[in-house]
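*Asks:* Following is a predicted model, sequence given first.
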Amino acid sequence: MQLANFGRELSGSADAMLGYEQSWVEITDPEVLATSGKTHHPILRPGSDSSVPIPGMVFQITPEELAAADSYEVSDYKRVSVVLQSGIEAWVYVSV
């Protein structure tokens, strides 16, 4: 996915997201299916203060790469700004 959308492998650092829960969404977009090779992708939905932190990676990308990520994501996702467990503010894609 990274090579197809950004033309490079991204390096990142481990972090975690608070206040959300992970579930799955079925992907039907032919381009996304071809790129990812997966019929279901993880999706984050608002949780509660007691939700278990969701581990993940933080990547530094360019504005052009962010636009490419926006184009890749299907309509089930929207981009929002969140503060991660480390205190870093980051863009993430969550359930609409």
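*Replies:* Everything's here; your move. Residues are numbered from 1 along each chain as shown.
*Asks:* For the protein, just list every one of the strands.
*Replies:* For the chain, strands defined by DSSP state E occupy the ranges 12-17, 20-26, 40-46, 54-59, 77-83, 89-95.
*Asks:* closest to residue 1 out of these?
*Replies:* strand 40-46 (9.9 Å; CB to CB). C-beta coordinates here come from the backbone N, C-alpha and C atoms, glycine included.
*Asks:* CA atoms of the closest one as CSV?
*Replies:* Output of strand 40-46 as CSV, limited to C-alpha atoms (Å, rounded to 0.1, in the frame of the first residue of the first chain):
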residue,chain,number,x,y,z
HIS,A,40,-11.7,-6.4,5.0
HIS,A,41,-9.7,-3.5,6.6
PRO,A,42,-9.5,-2.4,10.2
ILE,A,43,-11.6,0.7,11.1
LEU,A,44,-11.6,2.7,14.2
ARG,A,45,-14.9,3.8,15.9
PRO,A,46,-15.3,6.1,18.8
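*Asks:* Figure out how far it is from the centre of its chain.
*Replies:* Using CA atoms, centre = their mean, to the nearest Å, the distance from the centre of strand 40-46 to the centre of the chain it belongs to is 9 Å.
*Asks:* Which neighbouring elements make contact with that strand?
*Replies:* Contact partners of strand 40-46 among helices and strands, from 3 or more CB pairs under 8 Å, 6 or more residues apart in numbering; DSSP states H and E: strand 20-26, strand 89-95.
*Asks:* So for the longest helix anywhere in the chain, what gets flagged as buried?
*Replies:* Ordering each helix of the chain by length in residues (DSSP state H) puts helix 63-72 first. Buried residues in helix 63-72, counting neighbours by 16 or more other CB atoms under 10 Å, are found at 65, 69, 72.
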